[in-house]
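**Q** For reference, the sequence and a predicted model appear below.
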Amino acid sequence: MCGLSGEIRFDDRRPDVAAVERMTDRLAARGPDGRGIWSQGPVALGHRRLKIIDLSERGAQPMADADARLTGVFNGCVYNYQELRRELETLGHRFFSTSDTEVVLKAYHQWGVDCVDRFKGMFAFVIVENDTGRVVLGRDRLGIKPLYLSHAPGRLRFASSLPALLAGGGVDTSLDPVALHQYLSWHATVAAPRTVLNGVRKLPPATVRVVEPDGSYRDRVYWQPSYTRRAEYAGMDAADWRDAVLDALRTAVRRRMVADVPVGVLLSGGLDSSLIVGLLAEEGQKDLATFSVGFEAEGGEEGDEFHYSDLVARHYDTAHHQLMVPSDRVSTALDSAVLAMSEPMISHDVVAFHLLSELVSKEVSVVQSGQGADEVFAGYRWYPDLASVPREREPEQYAEVYFDRPHSDFARILQPHLLTGRDESGLFVREHMAAPGAE
């Protein structure tokens, strides 16, 4: 995890480098291993680095490619960067580093905005064409890596976190009523491009935005999920699906081993993280560090699952670390956990995750985890309730089992100026479920 920031001017003024420095410094927790600032003409870039690939200073950012006449900042990882590097070398490109950031620059030089079609990974990047002044912003398919934007007369600022943009100053911090409706309905989630602040937007996932020197821009959405089952899957039975899922998991775990530093695992002891440990062992990973977190028992209810994580750790002989969080530690860590968030989330789990991350960061820089599996494999309680619902009632049933509160509650809990008069969250869900194959 790194952090990037910057400013583009469209009014013949120089960028506010001091503001970019403030934004970059606010990202220090994302990149403790290095800091860089670059400015040319109407553009300034900032970067905080967490060293994962190419630990030398040749991988430092902002990165300038003299041959391609490009300068860029990058956050994330392109898992297939070595394969792309070999392809680019056959096309005549010469490399001065072994980093995936340089591969991104060379790929843009070779293929333009279509380079993202070849990237497999999680990433956000900003590339400046030094000769034209054109600036290109890009984000991965699922929006795993963030990229926040703030427009003002004559300029555009961007950063890897919302607090970093605020550190730059000049941001409209009034609340966005539509985003607030989503935030209070979906467990503190706001769909891109909105954020809870009117003055901050997110570059949508799977989007490349080309910003011209005059401030005009065009977006290319390079991927969208398909909800229609592929024809080749029609005849698959349970055994076929088991094998296909296992192959996909093997590929995913193998791709995420790409690093020049040790890779650990957040091991809860559940099916998802235990599978990752087993697959890493299958790939030959040695001295694997695993990490588990638990709470003190309260009211006769166990607060940890160390029994299960210990079983997995012993079986695969991992270097296992446990963190037991005392009950009083949760409240004292709340402020630091909230400060670490880009957008506030509502769950006691985030405090535990924050404390576990502090422990992990002392041992390794990269971890794999089982997060996201319940969304993909219908692991939440509301999925069975939706399985037998007629298609025309799916949006309403989804709202009943998933939303934090019904739309009718908003007039009671919000001030009038924050009401839009529409069920914004319900409208979003209905539009999503109307897509072909989305039943």
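**A** Thanks, I have the structure now.
**Q** L142: what secondary structure?
**A** Under the three-state scheme (DSSP: H, G, I helix; E, B strand; the rest coil), L142 adopts coil.
**Q** Tell me the pLDDT of the nearest residue to it once chain neighbours are set aside.
**A** The spatial neighbour of L142 that comes closest, neighbours along the chain excluded (CB to CB, 6 or more residues apart in numbering), is P205 at 5.6 Å. Placement of C-beta: from N, CA and C, glycine included. pLDDT recorded at P205 is 98.
**Q** One more: the one 10 residues further on?
**A** The predicted local distance difference test score for G215 is 97.
**Q** for S327, same thing?
**A** For S327, the model assigns a pLDDT of 81.
**Q** coming back round to it: contacting residues around the residue nearest to L142?
**A** P205 makes contact with 139-143, 192, according to CB atoms under 8 Å, 6 or more residues apart in numbering.
**Q** export the residues you listed to JSON lines and tack on pLDDT and distance to R391?
**A** Listed next are the contacts of P205 as JSON lines, based on pLDDT from 0 to 100; distance: CB to CB, whole Å:
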{"residue": "R139", "pLDDT": "99", "distance to R391": "32"}
{"residue": "D140", "pLDDT": "99", "distance to R391": "31"}
{"residue": "R141", "pLDDT": "98", "distance to R391": "27"}
{"residue": "L142", "pLDDT": "96", "distance to R391": "26"}
{"residue": "G143", "pLDDT": "97", "distance to R391": "27"}
{"residue": "A192", "pLDDT": "97", "distance to R391": "26"}
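**Q** For ChimeraX, what selects the buried ones among those?
**A** Buried subset of these, written as a ChimeraX selection, criterion 16 or more other CB atoms under 10 Å:
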select :139,140,141,143
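**Q** Between the contacts of P205, which sits nearest L84?
**A** Closest approach to L84 among the contacts of P205 (CB to CB): D140, at 14.9 Å.
**Q** can I assume the closest one is in contact with K120?
**A** No. The pair D140 and K120 fails to qualify as a contact (CB atoms under 8 Å) at a distance of 9.3 Å.
**Q** thinking again about what came up before, so how far is T24 from the residue nearest to L142?
**A** 24 Å (CB to CB, to the nearest Å).
**Q** next one: L70
**A** To T24, L70 is 20 Å away according to CB to CB.
**Q** In this structure, which residue is most central in space?
**A** By CA atoms, centre = their mean, the chain has its centre lying nearest to I144, at 2.3 Å.
**Q** and the residue lying closest to that one once chain neighbours are set aside, what helix or strand is that in?
**A** Excluding the flanking residues, the one nearest I144 by CB to CB, 6+ apart is M122, at 3.8 Å. Using DSSP states H and E, M122 sits within strand 121-129.
**Q** what's that strand packed up against?
**A** Counting contacts by 3 or more CB pairs under 8 Å, 6 or more residues apart in numbering; DSSP states H and E, strand 121-129 is packed against strand 3-9, strand 43-49, strand 70-78, helix 100-111, strand 135-139.
**Q** Return the list of strands paired to that strand, each annotated with direction.
**A** strand 70-78 (antiparallel), strand 135-139 (antiparallel) (DSSP bridges).
**Q** Determine the angle, from 0 to 180 degrees, between the shortest one and helix 100-111.
**A** Right, the one you point to is strand 135-139. Angle of strand 135-139 versus helix 100-111, following axes from the mean of the first three to the mean of the last three CA atoms, to 10 degrees, is 120 degrees.
**Q** okay, strand 135-139 in PDB with CA atoms only?
**A** Taking Å, rounded to 0.1, in the frame of the first residue of the first chain, the C-alpha atoms of strand 135-139 are listed here in PDB:
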ATOM      1  CA  VAL A 135      -2.800  13.700 -17.400                       C
ATOM      2  CA  VAL A 136      -4.300  10.200 -17.200                       C
ATOM      3  CA  LEU A 137      -5.900   8.700 -14.000                       C
ATOM      4  CA  GLY A 138      -6.800   5.000 -13.700                       C
ATOM      5  CA  ARG A 139      -8.300   2.600 -11.200                       C
END
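**Q** going on from that strand, what's the next piece of helix or strand?
**A** With elements assigned by DSSP H and E, the helix or strand that comes after strand 135-139 is strand 148-152.
**Q** Parallel or antiparallel, list what pairs with that following strand.
**A** Paired neighbours of strand 148-152 in the sheet (DSSP bridges): strand 155-159 (antiparallel), strand 201-202 (antiparallel).
**Q** Please state the mean pLDDT value computed over the helix or strand following the longest one.
**A** Same thing as strand 155-159. Scanning forward in sequence from strand 155-159 by DSSP H and E, the next helix or strand is helix 162-168. Averaged over helix 162-168, pLDDT sits at 98.
**Q** for stretch 428-439, same thing?
**A** Stretch 428-439 shows a mean pLDDT of 86.
**Q** How is L323 classified with respect to secondary structure?
**A** Using three-state DSSP, the three-state assignment for L323 comes out as strand.
**Q** And for it, the neighbour number?
**A** By the measure other CB atoms under 10 Å, the count of residues near L323 is 17.
**Q** Report the contact partners of it.
**A** Going by CB under 8 Å, 6+ apart, L323 touches 291-294, 355-356, 359.
**Q** Recalculate using a threshold of 10 Å.
**A** For L323, the contact set (CB atoms under 10 Å, 6 or more residues apart in numbering) comprises 291-295, 304, 329, 352, 355-356, 358-360.
**Q** which among those residues end up buried?
**A** By 16+ other CB under 10 Å, the contacts of L323 give 291-295, 304, 329, 352, 355-356, 360 as buried.
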